[in-house]
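1. the sequence and its predicted three-dimensional model are supplied below.
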Amino acid sequence: MYLPRASSAPCRRASSSRLHLYLALLIVYSIGVIGLGIWTARFVRSSSAFFVAGRSLGPGLILSSMLAANIGAGSTLGATGLAYRDGVSAWWWVGSAGLGSLIFGAVVAPRLWTLAKAHDFYTTGDYLEFRYGPAVRGVATALVGVGSLALLAGQLIAGAAILNVITGMPRWLGAATGGAIMTIYFTAGGLLGTAWVNTLQLLVMLGGFLIAVPVALRGGGGLHVFSAPNLPPWFSDFAYSAGPGSGWTLLLLLGPAFIISPGLIQKAYGGKSAVAVRTGVLLNAVALLGFAFVPVLMGVIARATIPGLTDANAVLPTILTRGLPPWLGALALSAVFSTEVDTSDAILFMISTSASQDLYRRFINPAASDRQLLRIGRTTAVIGGTIGVVLAIWLDTVIGAVTVFYSLLVVTMLVPVMGGLYVRRAGTREALAAIATGVIVLFLVRFGSLADTFPWLDPALAGIVSAALAYCLVLAFRRESDPV
């Protein structure tokens, strides 16, 4: 058994020999993904290749690209920290993503791909303008862009936490290191390059966890760990929730986000056919539903064997360094680091394509050449990566940063995207009313007096319901002859 006796002391830094092993694997991994990303750059000679991979991705690359984007800081470090606090109900963090992805793959993604193919869409903003006009495109892009930077910061916080546990590296340096890795290979290869890099990252991640989880479980006493005497009584309750942001309420936040995420929509645009998109996304959904048990197991094992941890970001790195043999801990840490980096590139993809296509080309330089658009895409990726590092130093936790993004995303995008697919009469007024109302209600519930008066009220759900009501009311009172 490799687990130490329970202790409330902070996580200890890895021994010198382990440190060298951990660093060696992380360095080799980092050089590998950067090299693969730069190698694929030779195939990226147009904005189409950079933004949508020339619409050439089959089900396998869509699966790896989607899964790599979806299993990131929130799904590993964040969900493990939740499981350390709440127990098995933390399944809902990743499980909600899987349930949302089922709807996205079965219904939404194929329809959006068909529109993208017919009208040459590169971004979700292209679809919003096609359906509602340029004002909706600009507003939605700006709001989601702000949230995306917070999400990027969450991934970099996670990567920095791993480096801190291993070496004691301060957060600013760890965030800068992870930011540099993902910025270099994404800027070189765009969507086409990241699709191939994500395949490598996915193999590292799955290989690490498939070996590490059974060993950690055996070291913690097997499934009897769930009945450990020091666990709270609610730890085995799948339906437990401490309120908004805990347990089953996560479905209200994360389910909708994975139906209309601009980053996932843009990855779906890269598919070579609607069938390829549907198949790849649905396989991704099934994988997420299964993977949701991994952080639950690791969090419960950590709580039973290493009680007293106060830093939610450090739970997973701690159990991997103190609860596994050195060689396996190194492999597992490489797997976790891989998840943080590959999700970061998905966010950079969303930021750079939206900034260059939805803002620069649409509102600043409509006559931009293909070469200019490609250069702007790469430049904004570098700028976005830099801002993400700064926010990672400022924000506190992975879950806090990720929740900012998902909350803003769902109240901004869910009603306009779904309404655009199924409500023919709706136009600019309906979409803008939904966005404005949803965002205002979100912030009132989260930061205003309503949060104290109604602590059970979920801010994201309140924003979604308010946005839908505003959308329907404006539609109901608009006359057929009114301009949309």
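-> Received it, and whenever you're ready, just let me know what you need.

2. centroid residue for the chain?
-> Among the residues of the chain, the one closest to the centroid is N70, at 5.1 Å (CA atoms, centre = their mean).

3. just read off the phi/psi values of D120.
-> phi 60, psi 50 (degrees, to the nearest 10).

4. tell me, how many neighbours does the closest residue in space to it that isn't next to it in sequence end up with?
-> Spatially, and ignoring its direct neighbours in sequence, D120 is nearest to D126 (7.9 Å; CB to CB, 6 or more residues apart in numbering). In short, each C-beta sits where N, CA and C put it, glycine included. Neighbour count for D126, taken as other CB atoms under 10 Å: 22.

5. cool, and the one 10 residues further on?
-> By other CB under 10 Å, 23 other residues sit near V136.

6. could you look up the SS state of it?
-> Under DSSP: H, G, I helix; E, B strand; the rest coil, the three-state class of V136 is helix.

7. any idea of the pLDDT on it?
-> With respect to pLDDT, V136 scores 94.

8. excluding chain neighbours, what is closest to M205?
-> Using CB to CB, 6+ apart, the nearest residue to M205 is A335, at 4.5 Å.

9. where does the one you found sit, in terms of helix or strand?
-> Assigned by DSSP states H and E, A335 belongs to helix 326-353.

10. mean confidence score for the helix or strand just after that helix?
-> Using DSSP H and E, the next helix or strand after helix 326-353 towards the C-terminus is helix 370-394. What helix 370-394 shows for mean pLDDT is 82.

11. need phi/psi at G271.
-> phi -70, psi 150.

12. OK, contacts around it?
-> Contacts for G271 were tallied using CB atoms under 8 Å, 6 or more residues apart in numbering; they are 55, 57-58, 62, 113, 277, 280.

13. chain neighbours aside, what residue packs nearest to it?
-> Using CB to CB, 6+ apart, the nearest residue to G271 is V277, at 3.8 Å.

14. okay, that neighbour: pLDDT?
-> Note for V277: predicted pLDDT of 95.

15. what number of residues lie near it?
-> Close neighbours of V277, defined as other CB under 10 Å, add up to 29.

16. cool, L202 as well?
-> Neighbour tally, L202, other CB under 10 Å: 22.

17. could you do the one 5 residues further on as well?
-> When neighbours are counted by other CB under 10 Å, G207 registers 15.

18. same question, A106
-> A106: 13 surrounding residues under other CB under 10 Å.

19. pLDDT score assigned to it?
-> On the pLDDT scale, A106 gets 96.

20. also S334?
-> So, for S334, pLDDT stands at 72.

21. identify the residue nearest F405 in space, chain neighbours excluded?
-> If the residues on either side of it in the chain are set aside, F405 comes closest to L151, at 3.6 Å by CB to CB, 6+ apart.

22. roughly how far apart are the closest residue to L359 other than its chain neighbours and A97?
-> In space, and not counting its chain neighbours, L359 is closest to T141: 6.1 Å by CB to CB, 6+ apart. For T141, the distance to A97 equals 23 Å [CB to CB, to the nearest Å].

23. what about the two, which has more around it?
-> A97 (29 against 26).

24. just name the closest of the contacts of G271 to A434, please.
-> Nearest to A434 among those, counting by CB to CB, is W113 at 23.8 Å.

25. so which bits of the helix or strand that contains V441 are buried?
-> Assigned by DSSP H and E, V441 falls within helix 428-447. Across helix 428-447, burial judged by 16 or more other CB atoms under 10 Å covers 428-435, 437-439, 441-442, 444-446.

26. tell me the mean pLDDT for that helix?
-> 92.

27. what sits up against it?
-> With CB under 8 Å, 6+ apart as the criterion, helix 428-447 contacts 128, 131-133, 135-136, 139-140, 143, 407-408, 411-412, 415-416, 419-420, 423, 450-451, 454, 457-460, 462-464, 466-471, 473-475, 478, 484.

28. which secondary element of this protein has the worst mean pLDDT?
-> helix 47-52 (a mean of 61; mean pLDDT, DSSP states H and E).

29. by contact count, what packs against the helix or strand following it?
-> Remark: after helix 47-52, the chain's next helix or strand is helix 59-70, criterion DSSP H and E. Secondary-structure packing of helix 59-70 (3 or more CB pairs under 8 Å, 6 or more residues apart in numbering; DSSP states H and E): helix 91-103, helix 171-219, helix 262-269, helix 274-291, helix 326-353.
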